[in-house]
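Asker: got a sequence here, can you build the structure:
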Amino acid sequence: MSQASALPRNDSDQMSAAGLKAVFAILDRWGCSADQVQKILQVSRPAYYKYRKNPAQTSLSQDQLERISYLLNIHSALRTLFENPKNVYGFMALKNDNPFFNGKSPLDIISTGQFAALYETFKRIDALRGGLW
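Answerer: As a prediction, this is how the structure comes out:
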């Protein structure tokens, strides 16, 4: 049984809403468009606007919760790597010549909407801060 399913429904909903609200703020600071956010979080256009207006109305799948977790962890790793907020929030939009990114920005990669792209991007950013893989 996962930890989220062990929580009373109300607590799980509150955590989902808080996580989604934080991720919206981070993605905004990264310069994501509405279309990019929808792809990254795998939410429909109507759900995106509904959740934007009222995060407490979220009804997220396990996949979406995991996406939120990876985004929060990417942000945490960037905050560990950089002291300057311009770097913390600007890094994701910068073109990257490392082999995985091949001249694309991390944001370009995760905007494909593929879960593996989100995972691999996190793994590489986490490695920069000394995370072990």
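Asker: center of this protein - which residue?
Answerer: The residue lying closest to the centre of the chain (C-alpha atoms, centre = their mean) is residue 71, at 2.4 Å.
Asker: check which helix or strand covers it.
Answerer: In the assignment (DSSP states H and E), residue 71 maps to helix 62-81.
Asker: rewinding a little: list the contacts of the residue nearest to the centre of the chain.
Answerer: Residue 71 sits next to 23, 26-27, 40, 118 when contact means C-beta atoms under 8 Å, 6 or more residues apart in numbering. All C-beta atoms are positioned from the backbone trio N, CA, C, and that covers glycine.
Asker: okay, the helix holding residue 71 in CSV with CA atoms only?
Answerer: Listed next in CSV are the C-alpha coordinates belonging to helix 62-81 (Å, rounded to 0.1, in the frame of the first residue of the first chain):
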residue,chain,number,x,y,z
GLN,A,62,-0.3,8.4,-9.3
ASP,A,63,1.6,9.3,-12.5
GLN,A,64,0.8,13.0,-12.1
LEU,A,65,1.8,12.9,-8.4
GLU,A,66,5.1,11.4,-9.3
ARG,A,67,5.7,14.1,-12.0
ILE,A,68,5.1,16.7,-9.3
SER,A,69,7.6,14.9,-7.0
TYR,A,70,10.3,14.9,-9.7
LEU,A,71,9.7,18.6,-10.5
LEU,A,72,9.9,19.5,-6.8
ASN,A,73,13.1,17.5,-6.6
ILE,A,74,14.6,19.2,-9.6
HIS,A,75,13.9,22.5,-8.1
SER,A,76,15.4,21.4,-4.8
ALA,A,77,18.6,20.2,-6.6
LEU,A,78,18.8,23.6,-8.5
ARG,A,79,18.5,25.5,-5.2
THR,A,80,21.4,23.4,-3.8
LEU,A,81,23.5,24.0,-6.9
